[in-house]
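>>> Take this sequence and fold it.
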Amino acid sequence: MTPQKLVVEEYMNAFSVTDHARILACLTDDVVWEMPGFFYHEGKQAFDQEIENGRGDGNPDIVITRMMEEGNIVVAEGTVRATMKDGGMLNAVFCDVFHFSMGKISKLTSYVMFKK
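Numbers count the residues shown, from 1 in each chain. As a prediction, this is how the structure comes out:
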């Protein structure tokens, strides 16, 4: 596995156990995280606040089904399930586009489709 794919794998594993330090270690200081139509965050502090945004209850179950890499970009597809604080379940598929700079994630664009 390439170094950039290993960073994505570490990021996803850390997200699955809500380990802020491990997640943030994968990012550049000026990281951008965008979920088009939902949010746009700049910097590690804003990213950190979105990790546990108040809606989820516990650790998400994240499964990567495919990763592709070209140059400084890794695309990861997969599924995510999580229990929500309101008692509901998040059940979604995602496609995350990771841009890299100096071996760390500098931009993440998350496309999510919620399943019923």
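
>>> quick one: the strands in this protein?
Listed in chain order, the strands of the chain (DSSP state E) span residues 27-35, 39-42, 61-70, 73-83, 89-101, 104-114.

>>> mind putting these in a markdown table, mean pLDDT included?
Output for these, formatted as a markdown table (pLDDT from 0 to 100):
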| stretch | mean pLDDT |
| --- | --- |
| strand 27-35 | 97 |
| strand 39-42 | 95 |
| strand 61-70 | 97 |
| strand 73-83 | 94 |
| strand 89-101 | 95 |
| strand 104-114 | 96 |
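
>>> Let me have these in JSON lines, adding distance to Val17 and mean neighbour count as columns.
From N, CA and C alone the C-beta is placed, and that goes for glycine too. As requested, the strands of the chain are exported to JSON lines (distance: least, C-beta to C-beta, whole Å; neighbours: other C-beta atoms under 10 Å):
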{"stretch": "strand 27-35", "distance to Val17": "17", "mean neighbour count": "17"}
{"stretch": "strand 39-42", "distance to Val17": "21", "mean neighbour count": "14"}
{"stretch": "strand 61-70", "distance to Val17": "10", "mean neighbour count": "13"}
{"stretch": "strand 73-83", "distance to Val17": "12", "mean neighbour count": "17"}
{"stretch": "strand 89-101", "distance to Val17": "17", "mean neighbour count": "16"}
{"stretch": "strand 104-114", "distance to Val17": "18", "mean neighbour count": "16"}
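
>>> for this protein, which helix is longest?
For the chain, the helix reaching the highest residue count under DSSP state H is reported as helix 3-16.

>>> Please save the CA atoms from that one in PDB.
Included here for helix 3-16 are C-alpha records, laid out as PDB according to Å, rounded to 0.1, in the frame of the first residue of the first chain:
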ATOM      1  CA  PRO A   3       2.200   6.000   1.900                       C
ATOM      2  CA  GLN A   4      -0.800   8.200   1.100                       C
ATOM      3  CA  LYS A   5      -3.200   5.300   1.200                       C
ATOM      4  CA  LEU A   6      -1.700   4.300   4.500                       C
ATOM      5  CA  VAL A   7      -2.500   7.800   5.800                       C
ATOM      6  CA  VAL A   8      -6.100   7.500   4.600                       C
ATOM      7  CA  GLU A   9      -6.400   4.100   6.300                       C
ATOM      8  CA  GLU A  10      -5.000   5.500   9.500                       C
ATOM      9  CA  TYR A  11      -7.400   8.500   9.300                       C
ATOM     10  CA  MET A  12     -10.400   6.200   8.900                       C
ATOM     11  CA  ASN A  13      -9.300   3.900  11.600                       C
ATOM     12  CA  ALA A  14      -8.800   6.800  14.000                       C
ATOM     13  CA  PHE A  15     -12.200   8.200  13.000                       C
ATOM     14  CA  SER A  16     -13.800   4.800  13.800                       C
END
